[in-house]
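>>> Fold the stuff below for me.
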Amino acid sequence: IRLALWSTCRLMRSFAAILVLLVPTLARAQSPYDVAPLLESLRPEERTRVPGQAHVTATELPLYALTIELADDLRTFELDETVWFTNRTGHALSSVVFRVYVNAVSPEPLVELVEGECLDNVSCSTSMPSASAIVVQASRPIADASRLRIRLRMRGRLQAIDPSRTTLMGQSLESLSSLSGGHGTGDYGLLAYSDRVASMAAFFPVLARLRAGRWEQADASTMGDLGSDALGHVSARVRVPDGVRVVATGIEDAPRVIGNRTEVFVRAGFVRDFALAASTRFSHRDRTVGGVNVRSWFVDGHEASGA
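Residues are numbered from 1 along each chain as shown. Okay, here's the model as predicted:
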């Protein structure tokens with residue numbers, strides 16, 4: 001009888017272990033993205049050095065693949081974003097949180113979530129519990145080292161600001177006014193339209209900071225430059241009216257004309273921020289410095305500042 005009981009208990013423990021092993025988690029089957037085109041934004045000697053300095057494999061970093069449709073008047077846009085996320089926390093996650101940092105400092109939200117989904121036959125729900133946070137809740141745990149692809153559709157508008165705010169004096173006064181109370185009083189024109197120039201920064205969802213195993217969905221202070229400070233890759237297809245020039249972080253392919261619109265494809269590897277500007281008023285000058293081609297963009301009529 002004792003032998004039978006011992007055998008039964010051992011069998012139950014084995015069965016319990018099997019049950020634990022069979023708890024479904026997101027697998028590690030998804031193939032990583034092709035990082036080679038993104039690394040072209042780095043100098044050749046940096047392409048092997050930077051990953052070592054960052055202590056990360058290039059394909060472990062998140063990739064934000066953006067398609068941006070900027071309206072003809074440059075005042076509104078639609079964004080289709082696909083994110084490649086790798087869980088590098090060392091433990092399973094139940095959710096992934098993104099931040100839209102421009103909404104954290106704007107008097108009213110400038111960017112809104114239209115819809116979201118997980119790809120590769122993964123089920124999840126997407127919500128925007130606050131103006132600057134998007135929560136993607138997976139139907140099953142996201143295992144350590146597993147990959148998840150998330151698609152987010154957003155729409156936004158550019159705040160119209162007076163050109164006086166874009167001057168050095170105007171920006172300085174705005175910075176000084178934010179020193180009282182520990183909270184900023186303006187967004188410095190992060191997502192703004194002024195004098196036929198569109199400026200777009202901190203406008204697309206990026207992974208939130210993860211502190212002590214918890215996603216950071218709000219900020220204790222909005223002073224200074226908000227952002228996750230984490231490295232990532234960005235590829236962006238920016239579609240603008242014909243005749244509009246796009247200036248962005250990273251390297252750009254030659255513009256393609258599609259109907260009455262122009263598409264510019266931008267790639268940026270190992271970056272902490274990504275921003276772009278668009279206008280019919282842009283000109284540029286090029287100069288080779290230390291073997292590197294430096295391109296300086298400026299608004300027509302301000303050639304001296306671009307020299």
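>>> how about the strands of the stretch 201-307 of the chain, start to end?
206-207, 210-211, 214-215, 232-241, 245-248, 251-252, 256-258, 261-271, 275-279, 282-289, 292-299 (DSSP state E, counting those that start in this stretch).
>>> mind showing which ranges of the protein have poor pLDDT?
1-31, 165-187, 220-225, 307 (pLDDT under 70).
>>> which residue packs closest to Arg209, ignoring adjacent ones?
Take Arg209 and drop its neighbours on the chain: the residue closest to it by Cβ to Cβ, 6 or more residues apart in numbering is Glu216, 4.2 Å away. For glycine as for every other residue, the C-beta is placed from the backbone atoms N, C-alpha and C.
>>> Near the one you found, how many residues? Count them for me, please.
Glu216 has 15 neighbouring residues, counting by other Cβ atoms under 10 Å.
>>> residues touching it, list them.
Counting by Cβ atoms under 8 Å, 6 or more residues apart in numbering, Glu216 touches Val97, Arg99, Ala208, Arg209, Leu210.
>>> Got phi/psi on the second one?
Taking degrees, to the nearest 10, you get phi -120, psi 140 for the backbone angles of Arg99.
>>> By neighbour count, which of the contacts of Glu216 wins?
Top of the contacts of Glu216 by neighbour count (other Cβ under 10 Å): Arg99, with 25 neighbours.
>>> Now the terminal residues of stretch 109-127, how far apart.
15 Å (Cα to Cα, to the nearest Å).
>>> Looking at the strands of the stretch 201-307 of the chain, which is nearest to Ala65?
strand 232-241 (5.0 Å; Cβ to Cβ).
>>> Any chance you could list what contacts that closest one?
Contacts for strand 232-241 (Cβ under 8 Å, 6+ apart): 35, 37-38, 58, 61-70, 72, 74, 206-207, 246, 248-250, 258, 260-272, 274, 276, 278.
>>> From those, keep the buried residues only.
The neighbour count (16 or more other Cβ atoms under 10 Å) marks 35, 38, 58, 61-70, 74, 206-207, 246, 248-250, 261-271, 274, 276, 278 as buried among the contacts of strand 232-241.
>>> can you name the two of the contacts of Glu216 that are farthest apart?
Arg99 and Leu210, at 11.4 Å, using Cβ to Cβ across those.
>>> next one: stretch 296-307 to chain centre, how far?
With Cα atoms, centre = their mean, to the nearest Å as the basis, stretch 296-307 stands 29 Å off its chain's centre.
>>> Just the CA coordinates for that stretch, please, in CSV.
C-alpha atoms of stretch 296-307 as CSV (Å, rounded to 0.1, in the frame of the first residue of the first chain):
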residue,chain,number,x,y,z
SER,A,296,22.6,71.7,-43.6
TRP,A,297,18.9,72.4,-44.1
PHE,A,298,17.4,75.8,-43.6
VAL,A,299,14.3,77.8,-44.4
ASP,A,300,14.5,79.9,-47.5
GLY,A,301,15.6,83.4,-46.6
HIS,A,302,17.8,82.2,-43.8
GLU,A,303,20.8,81.1,-45.8
ALA,A,304,23.2,82.6,-43.3
SER,A,305,22.0,80.2,-40.6
GLY,A,306,22.6,77.2,-42.9
ALA,A,307,26.1,78.1,-43.9
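>>> Would you mind listing the buried residues in it?
Phe298, Val299.
>>> Need the residue closest to the centroid of the protein.
Val206 (3.7 Å; Cα atoms, centre = their mean).
>>> which non-adjacent residue is nearest that one?
Ser228 (5.5 Å).
>>> thought that neighbour was touching Arg209?
Yes: contact criterion Cβ atoms under 8 Å: Ser228 and Arg209 qualify, at 5.4 Å.
>>> can you pull out the helices in this protein?
For the chain, applying DSSP state H gives helices covering 2-21, 36-39, 46-54, 101-105, 168-177.
>>> Need the residues that contact the second one.
Residues outside helix 36-39 that contact it (Cβ under 8 Å, 6+ apart): Arg47, Ala58, Leu63, His233, Ser235, Arg267, Ala268, Gly269, Phe270.
>>> One more pass at 10 Å, please.
46-48, 50-51, 58-59, 61, 63, 232-235, 250-251, 253, 265, 267-271 (Cβ atoms under 10 Å, 6 or more residues apart in numbering).
>>> So what's the residue count around the nearest residue to Leu226 once chain neighbours are set aside?
Among residues not flanking Leu226 along the chain, Tyr101 sits closest, at 4.5 Å (Cβ to Cβ, 6+ apart). Applying other Cβ under 10 Å, we find 25 residues neighbouring Tyr101.
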